[in-house]
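In: Here is my input; please provide its structure:
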Amino acid sequence: MYKGIHHVSLEVKKLKKARTFYEKVIGFQVSPDRPDFDFDGIWYQIGDTQLHLIVNEKLDEESKPSLDSRARHFAVRVESIDDILERLEKAGYCYLNKPTSKTGWHQVFVQDPDGNVIEFNA
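Out: This next block holds a predicted model:
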């Protein structure tokens with residue numbers, strides 16, 4: 001009945017800052033599929049799944065989760081954790097590195113400029 005997850009949607013406050021993180025730091029590719037909605041945002045294609053960023057200028061700074069592997073997050077499987085670590089370090093981002101996670105995967109957690117937590121694993 002289910003084919004997979006089509007997209008994950010996150011709220012961001014400042015689209016320019018978010019785009020710098022997702023495109024320049026992480027290297028996600030912009031999807032051309034986004035319709036001309038009456039609100040600001042951007043879509044990214046990640047394999048067969050999309051990430052939708054939706055601007056919400058009323059985001060509350062205090063509602064940001066902490067950088068914790070148990071915080072709400074989504075996960076992206078990557079070919080090389082070393083590539084992600086290099087990108088994050090080059091851009092000066094703090095991250096949580098779990099090379100010997102109980103999952104059996106090497107996991108890296110990072111927050112985008114709006115506090116959304118992303119896990120990368122390989």
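In: Helix, strand, or coil at residue 82?
Out: Put simply, residue 82 is helix when judged by DSSP: H, G, I helix; E, B strand; the rest coil.
In: how far away is it from residue 21?
Out: Taking C-beta to C-beta, to the nearest Å as the criterion, residue 82 is separated from residue 21 by 19 Å. Yep, even glycine has a C-beta here, placed from its N, CA and C like the rest.
In: higher neighbour count, those two?
Out: Between residue 82 and residue 21, residue 21 has the larger neighbour count (other C-beta atoms under 10 Å), namely 21 against 11.
In: Report the secondary structure state of that one.
Out: Going by three-state DSSP: residue 21 is helix.
In: May I ask you to confirm that it is in contact with residue 113?
Out: Yes. Using C-beta atoms under 8 Å, residue 21 is in contact with residue 113, at 5.5 Å.
In: residue ranges for the helices of the protein, please.
Out: 15-19, 81-91 (DSSP state H).
In: Pull the longest one out as PDB, backbone CA atoms only.
Out: In PDB, the C-alpha atoms belonging to helix 81-91 read as follows (Å, rounded to 0.1, in the frame of the first residue of the first chain):
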ATOM      1  CA  ILE A  81      30.200  10.300   6.100                       C
ATOM      2  CA  ASP A  82      33.700  11.800   5.600                       C
ATOM      3  CA  ASP A  83      32.300  14.100   2.900                       C
ATOM      4  CA  ILE A  84      29.600  15.400   5.200                       C
ATOM      5  CA  LEU A  85      32.000  15.900   8.000                       C
ATOM      6  CA  GLU A  86      34.300  17.800   5.700                       C
ATOM      7  CA  ARG A  87      31.500  20.000   4.500                       C
ATOM      8  CA  LEU A  88      30.300  20.800   8.100                       C
ATOM      9  CA  GLU A  89      33.800  21.500   9.400                       C
ATOM     10  CA  LYS A  90      34.700  23.700   6.400                       C
ATOM     11  CA  ALA A  91      31.600  25.800   7.100                       C
END
